[in-house]
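Undergrad: heads up, no residue letters with this:
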């Protein structure tokens, strides 16, 4: 005999699903029970690179058919990537999901670049220039990023650039955990739509939020990570993710530019990019 869900619990679950949809979360998974010894330790080196970068929303199984089926992302099934990104931007709307919208942001900074890019850069969050212009990496750090991209033999128009959070934190402070987690579903959907072959996390904040690994830059750099958002096309094998220094950090400590170039050379080798002669010399 099927289990009948209490009407109050059913109503509460419906409200929770509706709330998650408003937050941009559409995928739900049932968490199977597991004993402690069945859960692998995330501290094992071979598992750290395979940790899921997305925090999954978990909902209990819902009995009966009284609740509407959970809707997929609106962009899923759209073949044109530019159109898919437009749908994600429309779903984001004039976002008020976290407190950043009340702390002086002028506009949302969604992302910019080639919607079919093989290479995607992800930074921390918009600064004052980005907040004013509505485009990521347009200030001094953006000029340095442009030079880094040019040194790779690419143009800014060839890649896609986004940030962990899409609104400027006041005073350019580091985005807080709840702000990152609120914005994360939209970034994951951008990545899933673009399907980049390689990604570069710019700085510790971007790396730690994408990889869910709390480690210093010295440990995060110099290796590849397999990366694939949970709600992705099953036929897409996912992206390879590398970590390097944020351009703003390189402006403060130019001595690390050589180390950042090593990281970019690793990316170029994977993508089969030959650097311009001037950059190679």
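TA: Great, that's in hand. Just so we're clear, the structure is a prediction, and the values are computed from it rather than from any experiment. Residues are numbered from 1 along each chain as shown.
Undergrad: residues contacting residue 207?
TA: Shown in contact with residue 207 (C-beta atoms under 8 Å, 6 or more residues apart in numbering): 201, 213, 217, 220, 243. C-beta here means a position set from N, CA and C on the backbone, and glycine is covered the same way.
Undergrad: okay, who's weakest in those residues by pLDDT?
TA: Sorting the contacts of residue 207 by pLDDT puts residue 213 at the bottom of the list (92).
Undergrad: so that one makes contact with residue 227?
TA: No. In this structure, residue 213 is not within contact of residue 227 by C-beta atoms under 8 Å, at 11.6 Å.
Undergrad: Compare neighbour counts for the two and give me the winner.
TA: Using other C-beta atoms under 10 Å as the criterion, residue 213 and residue 227 rank with residue 227 on top: 24 against 17.
Undergrad: and that one, bridged to which residues?
TA: With DSSP bridges as the criterion, residue 227 is bridged to residue 239.
Undergrad: So it is in contact with residue 239, correct?
TA: Yes. Contact criterion C-beta under 8 Å: residue 227 and residue 239 qualify, at 4.8 Å.
Undergrad: Need the residues touching each of those two.
TA: Shared contacts of residue 227 and residue 239 (C-beta under 8 Å, 6+ apart): 191, 199.
Undergrad: The contacts of residue 207 into CSV, with extra columns for secondary structure and distance to residue 162?
TA: Formatted as CSV, the contacts of residue 207 follow (DSSP: H, G, I helix; E, B strand; the rest coil; distance: C-beta to C-beta, whole Å):
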residue, secondary structure, distance to residue 162
201, strand, 11
213, coil, 20
217, helix, 20
220, helix, 19
243, strand, 16
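Undergrad: Look at the closest residue to residue 205 other than its chain neighbours and say how many residues are nearby.
TA: Among residues not flanking residue 205 along the chain, residue 124 sits closest, at 4.4 Å (C-beta to C-beta, 6 or more residues apart in numbering). Residues near residue 124, counting by other C-beta under 10 Å, number 25.
Undergrad: got it, and the one 5 residues further on?
TA: Applying other C-beta under 10 Å, we find 17 other residues in the vicinity of residue 129.
Undergrad: Can you mark which positions in the helix or strand harbouring it are buried?
TA: Element membership of residue 129, judged by DSSP states H and E, is helix 128-133. For helix 128-133, the neighbour count (16 or more other C-beta atoms under 10 Å) marks 129-131, 133 as buried.
Undergrad: and what of stretch 102-116?
TA: For stretch 102-116, burial by neighbour count (16+ other C-beta under 10 Å) applies to 105, 107-115.
Undergrad: Which members of those residues occur in strands, if any?
TA: 112-113 (DSSP state E).
Undergrad: Find the residue ranges of the stretch 1-150 of the chain scoring beneath the pLDDT cut-off.
TA: Within the stretch 1-150 of the chain, the segments meeting pLDDT under 70 span 1-71.
Undergrad: which stretches of it form helices?
TA: Along the stretch 1-150 of the chain, the stretches classed as helices by DSSP state H, counting those that start in this stretch are 7-22, 45-48, 81-92, 128-133, 140-151.
Undergrad: Tell me if I am right that residue 266 is in a strand.
TA: No. According to DSSP: H, G, I helix; E, B strand; the rest coil, the state of residue 266 is helix, so it is not within a strand.
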